[in-house]
Structure formats: structure tokens, C-alpha cells
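> after the sequence you'll find the predicted model.
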Amino acid sequence: MKKKSKTLSNRFIFLINTIVAVVLLLSYILPYISPERAPILAILSLFVPIMILANILFAIYWVLRLKKEFFLSTFVVLVGYGYLGHVYKLSGKEILMNDDLKIMSYNVKMFNHYGWNTNDSIASKMYDFIKNQDPDILTIQEFYHGENIQIDFPYQYIKTKAKKNKFGMATYSKFPIVNSGSLDLQNTSNNIIFTDIVKGMDTIRIYNIHLESFGIKPDQENFGEENSDRLMKRMKKAFKQQAIQTEIFLEHQASWRGKSIITGDFNNTAFSWVYRQIAKDKQDAFKVAGKGLGKTFDYSYPLRIDFILPDTHFEVHHFQNFDVKYSDHFPIMARISLKKDFE
């Protein structure tokens, strides 16, 4: 009787295993499908890290029981082996040079202007953190242009959504900014800006991207809870907007023939169509030089939605995501330099 019960239990577990494996296998095609065509599939991309972990656990479960069922999840994980580096890196890279470029991207959630955190010193801690890390280039999303901003760089480009509005985007630089502009995304509080900086003999375009927010509020709503239907509808709409914004960005990027670095909060993961389009012919600094979990958004499981993507003119020497909870995003920083062939 016990043997029969155990057999039924294993069959049920393998059924769940099969469903999770098939869903993960299907998720591998998500980067090739625009959210405009199938926004519901775009939502699935957010769960890829969980599905990878679940399949690894299923494989371990069957191996420990010496069951051939372990082949299923093992096969599916191996098929998408390249995806693992988007979630976790066993070893990093650390080559520190005196003349490399330190570039930081940080969604600061308006420096806590509206008091989402009851700690009144959050803004000061952000300023101190930025000063201590001492980046050469700082790109900020969800910027708030208040009177008490304590960010000291010789050059800056700040773009608010309207003249009387203090919310927007900002890029700070230790190097001269010779050109700057905004793509002025419509019908949204999000935006994309760019600055052309001069370092030595080189002009480098820095894109600062903040795509449509999907509006997850971890303390108020989560998938599978009572209000998840409303959350799903809002996210489907946001993903469609992201696709449109990505097309606008790609068209603008095509007009620039020089060196470039893309930074920002994509509000989408590395398993998405949006990421695949923007990261094409670019390097993902985390994948090249990061270590550990690539988590950049403070959620119940690792979501990496903030990126630094230098083009192939550059070499990535180091990457770090900082575990400081001053915002709902974690700041990220890369150290890069021009390859000798392009100096």
C-alpha cells in the first residue's frame, strides 16, 4: 500500500514537473515575440528566474531518488543554458584601471520626496552613497529636481516632464557634455534622454532609459492574490507601451554612428523582447563581469530590470550591483574602457 501511495505521489510530482518544464521551454521564445502582439506572454518573462530554479530543484529531487525523470528538467535547463548567466554568475571580473570609466545607473524613486520610506534621512544616504562610489557618469531615473539636491558634478543634463514639473531624468558627468536631448515619450511619465560626453579624444553617447513602469507594489499587490487580475491588466498595457517606446528608441539610436553606452531601468527582464532589441550588438555588463544574483529590483524573487550595456568598442572590467535599500531599485555600476583597437 505504501509503495502504491509513493508511486502516485511521484506521478503527481512529475506532472507538476512536466508543466513547469514545458512553460520554461516555451519561455525561450519570448525574446522573439513583441509585446504588442502578445502582451500576456510578456508577463511570463518575469517568472523565468523562478521557473529555472524550479526545474533545477526538480532535477535534484529525481537525482536523489535515482529516477530517470531527472532527464526532463535537466534537458530543459541545458537547452536554455545561456539564460542562467542573466540570473546568477558564479564568478565575476575585477580589473581596476586608473583611466577606466565608472558608470552608475540608479532609479532613486524621487529621493523619497513623497515619503514612501518613513526614514527621513534616505535622500541624504543616497547622496552619500553616490559620493562615496564616485562614478564618472551617473544616470538617474525617477529623478526629482528639488532645491536640496546634493549631487556635485561639473556637467549635467536634467530633463523634467514639463517646465513646472520637477519629476524626470538626469545624467551627471565628470566629462564635458557637448550635446544632449530627450526623446520626449508621449502619454507617459517615463522618458529616454541622451548625452554626448567627451573623454580624451572620444565622443561617447550615453543613453539614459526609463521604459513604461509596470507598477508592481510589493507591499500591496502580488501575483496570485485577490487583486492580481487588475495587476495583470495594468501590466499588459505597460508592456505594449514598452514595445512602442523601444521602437522609438531604436529609430533614434540608428541615427548615431559613434560609440555608445545604454543605461537605465527597462522595467523588463533580460528574457524579454524589449531587452533583446535594445541589447542587440551590445554587451551586458552584468553577464560579462558581474557576480552572484543580478537582482536590481526589491521584490520577493530576483528581478534584474536595470542594465548597463556598452557597445563592442568597450571592454567591461568590473560590474557591481549594490545591496542598499534606499529605493525600490538597487544601484548598479560598471567599470569599462575603450578597447585598444578603438583608442
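That came in fine, so what should we check first? Residues are numbered from 1 along each chain as shown.
> residue contacts, residue 80?
Residues near residue 80 by Cβ atoms under 8 Å, 6 or more residues apart in numbering: 24, 25, 27, 28, 52. No exception for glycine: its C-beta is placed from N, CA and C like everyone else's.
> distance of the second one relative to residue 82?
As defined by Cβ to Cβ, to the nearest Å, residue 25 lies at a distance of 14 Å from residue 82.
> can you say which of the contacts of residue 80 are buried?
24, 25, 27, 52 (16 or more other Cβ atoms under 10 Å).
> which members of those are the farthest-apart pair?
Within the buried ones among the contacts of residue 80, two members stand farthest from each other by Cβ to Cβ: 25 and 52, at 11.4 Å.
> ok, for the spatially most central residue of the chain, nearest residue in space, not its chain neighbours?
Nearest residue to the geometric centre of the chain (Cα atoms, centre = their mean): residue 305, 2.0 Å. Distances taken as Cβ to Cβ, 6 or more residues apart in numbering place residue 297 nearest to residue 305, at 5.2 Å, with adjacent residues excluded.
> just give the number of residues close to that neighbour.
Around residue 297 there are 20 other residues, counting by other Cβ atoms under 10 Å.
> same check on the one 4 residues further on?
Around residue 301 sit 13 other residues, with neighbours defined as other Cβ under 10 Å.
> quick one: secondary structure of it?
Secondary structure, DSSP: H, G, I helix; E, B strand; the rest coil: residue 301 is coil.
> measure it to residue 324 for me?
Residue 301 is 19 Å from residue 324, by Cβ to Cβ.
> residue 185 now?
From residue 185 to residue 324 the distance is 28 Å (Cβ to Cβ).
> likewise for residue 305?
Taken as Cβ to Cβ, the span from residue 305 to residue 324 is 17 Å.
> same check, this time on residue 100
On the measure of Cβ to Cβ, residue 100 and residue 324 end up 22 Å apart.
> likewise residue 205?
Distance, residue 205 to residue 324, by Cβ to Cβ: 28 Å.
> which one of these two has more residues nearby?
Per other Cβ under 10 Å, whichever of residue 205 and residue 324 has more neighbours is residue 205, with 19 against 13.
> correct me if wrong: the more buried one contacts residue 258.
Yes - between residue 205 and residue 258 a contact is recorded at 6.1 Å, counting by Cβ atoms under 8 Å.
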